[in-house]
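Q: Just the structure for this:
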Amino acid sequence: LQINDKNRADDIDDDVMMEQFVKNDESVIVIKACRLAVKDCCIIAADAVRQARLEEEKRQREIIAQKKEKKRLEREELRKERALAREMQRQEKARQKELKRNKRLLERKKNYPKNKELWREVALLMTDLARMEREEREWIAVNEKLDKK
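A: Prediction:
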């Protein structure tokens with residue numbers, strides 16, 4: 001209270017001194033206009049500070065919003081990559097299953113009693129063919145030797 005009372009007393013003393021110092025009305029008007037101008041400048045400065053603070057808060061909110069959006073996009077990208085990896089694994093598993101199935105069916109066909117005999121006959125015919133081709137080459141070689149003599 002003492003400080004406030006002292007400041008108030010100083011303000012009153014300043015006003016009294018000012019009134020004593022300034023005797024004519026024109027000077028009082030000029031001084032009041034100056035005080036009004038200073039008051040307006042203070043209001044304008046306070047508004048400018050408030051506006052700057054609001055703009056800074058808005059900028060900070062935008063930065064936070066951008067960071068949140070970036071994180072959201074990263075999570076979405078990660079989710080898509082995981083889904084793609086799962087889909088690729090599923091397709092690979094299906095492909096392996098199909099290959100295994102086809103191999104199993106081929107084995108069944110080969111080992112099926114009717115087909116087993118046919119496969120044996122094919123193998124026998126292939127060996128016979130190879131033997132006959134070898135014999136043919138031998139006969140051609142013998143024939144050439146006889147022709148030379």
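Q: Going by C-alpha atoms from here, please, whenever you check contacts or count neighbours.
A: Fine.
Q: Let's test this: mean pLDDT of the longest helix belonging to the chain, rounded?
A: The longest helix of the chain (DSSP state H) is helix 25-111. Throughout helix 25-111, pLDDT has a mean value of 91.
Q: and it, what other elements does it pack with?
A: helix 113-148 (3 or more CA pairs under 8 Å, 6 or more residues apart in numbering; DSSP states H and E).
Q: Mind listing what's buried along the helix it packs on?
A: In terms of neighbour count (16 or more other CA atoms under 10 Å), helix 113-148 has its buried residues at Trp119.
Q: rewinding a little: just want the angle from the longest helix of the chain to helix 113-148.
A: 70 degrees (axes from the mean of the first three to the mean of the last three CA atoms, to 10 degrees).
Q: Distance check, Glu135 against Val142.
A: Distance, Glu135 to Val142, by CA to CA, to the nearest Å: 10 Å.
Q: same thing with Ala94?
A: Going from Ala94 to Val142 by CA to CA gives 59 Å.
Q: Check Lys93 too.
A: According to CA to CA, Lys93 and Val142 sit 59 Å apart.
Q: same thing with Gln60?
A: 101 Å.
Q: And Gln96, by the same measure?
A: In terms of CA to CA, Gln96 sits 54 Å off from Val142.
Q: swap in Lys32?
A: Lys32 sits 140 Å away from Val142, going by CA to CA.
Q: Leu36 now?
A: 134 Å.
Q: repeat for Cys34
A: Distance from Cys34 to Val142, by CA to CA: 136 Å.
Q: go on, Ala123?
A: 29 Å.
Q: Then Ile44?
A: For Ile44, the distance to Val142 - CA to CA - is 122 Å.
Q: what do you get for Glu76?
A: Here the criterion is CA to CA. By it, Glu76 lies 80 Å from Val142.
Q: Kindly report the same for Lys58.
A: Applying CA to CA, the value for Lys58 to Val142 is 104 Å.
Q: can you check Arg75 too?
A: In this view, Arg75 and Val142 are 81 Å apart by CA to CA.
Q: How about Glu92?
A: On the measure of CA to CA, Glu92 and Val142 end up 58 Å apart.
Q: do Ile29 as well
A: To Val142, Ile29 is 144 Å away according to CA to CA.
Q: And for Ile31, the neighbour number?
A: Per other CA atoms under 10 Å, the neighbour tally for Ile31 reads 14.
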